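Participant: Show me the folded form of this:
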Amino acid sequence: MAAADEVLAVLGTPTAEAQAWVDSVMALGVTPPFLKADGPVAYEPSDTPVPEAPVSAPPDGPYGPLIPMPELTPDGLRAAVARIAPSRIPALTRHLFEATTNAQQAGSLAPLRAFVHSWAVFVAIERYPERAARLRELERIVDAGDHDPTEAISEIRSIHEAAAAEAGL
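Facilitator: Take a look at the predicted model:
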């Protein structure tokens, strides 16, 4: 039985959506711990090159985003993160590994959807350096606790809502 078929058999959800997820996860070289004979294993970074993922539209002008918004698949998001925040690839891979495991344990695709939502919003924010810098500044204001954080929290929420809308979520 092929590895992708094993994942689908364990997930117990032979839907087209599940098949697409399994194909994307396996293409990244991530094997869920429930398929390993010895159980869960520690994260080990891969030297596998990041594939170029199809994107939704070309950048729009000199003040546009660093990259177009990628397709909302593990491959697309990983390629985008590799281009705009390569230091976050290990975190993305760990999150995908955990989401895959949790999806299997829960018998639900909800953890995988949460993975896509989280990383799509991250990419939508980070592809605009000014927006990303403003978000980090607002987070510093809230973390410092020197001032009333109400306005900063409201602006953080607005940035996240705009990013989610931009990503089509």
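
Participant: Quick check: which ranges of this structure have low pLDDT?
Facilitator: Scanning the chain for pLDDT under 70 picks out 1-63.

Participant: so where do the helices sit in it?
Facilitator: 3-11, 16-27, 74-84, 89-106, 110-126, 129-144, 150-166 (DSSP state H).

Participant: Could I get the ones you listed in a markdown table, plus columns for distance to Gly64 and mean neighbour count?
Facilitator: To be clear about C-beta, it is placed using only N, CA and C from the backbone, and glycine gets the same treatment. Shown next, in a markdown table, are the helices of the chain (distance: least, Cβ to Cβ, whole Å; neighbours: other Cβ atoms under 10 Å):
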| stretch | distance to Gly64 | mean neighbour count |
| --- | --- | --- |
| helix 3-11 | 37 | 17 |
| helix 16-27 | 27 | 18 |
| helix 74-84 | 13 | 22 |
| helix 89-106 | 24 | 18 |
| helix 110-126 | 13 | 20 |
| helix 129-144 | 11 | 14 |
| helix 150-166 | 12 | 14 |
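
Participant: Let me have the ones you listed in a markdown table, extended by distance to Leu66.
Facilitator: Output for those, formatted as a markdown table (distance: least, Cβ to Cβ, whole Å):
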| stretch | distance to Leu66 |
| --- | --- |
| helix 3-11 | 32 |
| helix 16-27 | 23 |
| helix 74-84 | 6 |
| helix 89-106 | 16 |
| helix 110-126 | 8 |
| helix 129-144 | 7 |
| helix 150-166 | 14 |
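
Participant: so Leu77 makes contact with Trp119?
Facilitator: Yes: Leu77 lies in contact with Trp119 (Cβ atoms under 8 Å); the separation is 4.5 Å.

Participant: Find residues that contact each of the two.
Facilitator: When Cβ atoms under 8 Å, 6 or more residues apart in numbering defines a contact, the residues bordering Leu77 and Trp119 alike are Leu92.

Participant: For Asp146, see how far away the closest residue to Ile141 other than its chain neighbours is.
Facilitator: Excluding the flanking residues, the one nearest Ile141 by Cβ to Cβ, 6 or more residues apart in numbering is Ala152, at 4.4 Å. Counting by Cβ to Cβ, to the nearest Å, the gap from Ala152 to Asp146 is 11 Å.
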